[in-house]
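[1] Below is the sequence, then the predicted model.
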Amino acid sequence: MSISERLKEHLIENDMENYDGFYFIPSIDDEDEDTYKLAFFNLKEECANGKPVDSSEMGNMYHMCFFKTTEEGAPVFDDAFEAILADPIVYVNNLTGSGLGGCILKKTDKSEKWWVEYLDYITGGEFKQKVKEAFGSIGE
């Protein structure tokens with residue numbers, strides 16, 4: 001099955017309107033082509049059922065983060081940012097061959113708490129410290 005056929009299959013099975021976000025990791029399929037494995041999820045409890053914010057006619061705003069892989073195969077945090085995407089699944093598909101993995105989450109009025117905790121977890125506590133330092137320097 002070609003990459004475009006697999007992409008169509010993912011779009012039909014995993015419509016982003018039904019999910020808050022997804023994790024993606026690069027993998028090699030049986031035909032030795034670069035592809036991505038996607039794992040979709042919904043936020044729970046106080047972060048669930050948020051209303052999209054900062055969206056435009058082009059698409060929804062998303063929280064995004066990327067991981068690179070070390071020579072030993074271990075994931076290493078690379079970058080986090082926000083972006084408006086027309087279709088996040090197509091965006092990830094276009095990363096094929098880059099070796100990047102990560103997480104994409106719809107930005108909503110309730111997603112910030114989950115996102116900050118997620119980034120803090122994956123960076124080993126460094127993210128919240130950087131946020132505190134940034135707010136401290138703005139205050140000065």
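    Yep, that arrived.
[2] Centroid-nearest residue for this protein?
    Central residue of the chain (C-alpha atoms, centre = their mean): Ile104, 1.8 Å from the mean position.
[3] That residue pairs with what?
    Ile104 has the following beta-bridge partners by DSSP bridges: Phe22, Met64.
[4] who's in contact with it?
    Counting by C-beta atoms under 8 Å, 6 or more residues apart in numbering, Ile104 touches 21-22, 24, 62-64, 85, 88, 91-92. Every C-beta, even on glycine, is put in place using the N, C-alpha and C of the backbone.
[5] so what's Leu85 bridging to?
    Taking DSSP bridges as the rule, Leu85 bridges to Asn60.
[6] Asn60 contacts Pro52, correct?
    Yes. Counting by C-beta atoms under 8 Å, Pro52 is a contact partner of Asn60 at 5.1 Å.
[7] the more surrounded of the two?
    Neighbour comparison, Asn60 and Pro52: the larger count goes to Asn60, with 20 against 14 (by other C-beta atoms under 10 Å).
[8] Extract the C-alpha trace of the one helix or strand Tyr121 maps to and format it as CSV.
    According to DSSP states H and E, Tyr121 maps onto helix 111-122. The C-alpha trace of helix 111-122 is given here as CSV (Å, rounded to 0.1, in the frame of the first residue of the first chain):
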residue,chain,number,x,y,z
SER,A,111,-5.7,22.6,26.6
GLU,A,112,-3.0,24.8,28.1
LYS,A,113,-2.8,23.0,31.4
TRP,A,114,-2.4,19.6,29.8
TRP,A,115,0.1,20.9,27.3
VAL,A,116,2.3,22.6,29.9
GLU,A,117,2.3,19.4,32.1
TYR,A,118,3.1,17.3,29.0
LEU,A,119,6.1,19.5,28.0
ASP,A,120,7.3,19.6,31.6
TYR,A,121,7.1,15.8,31.8
ILE,A,122,9.0,15.2,28.5
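[9] In terms of secondary structure, what does that helix contact?
    Taking 3 or more C-beta pairs under 8 Å, 6 or more residues apart in numbering; DSSP states H and E as contact, the helices and strands that helix 111-122 lies on are strand 60-69, strand 101-106, helix 126-139.
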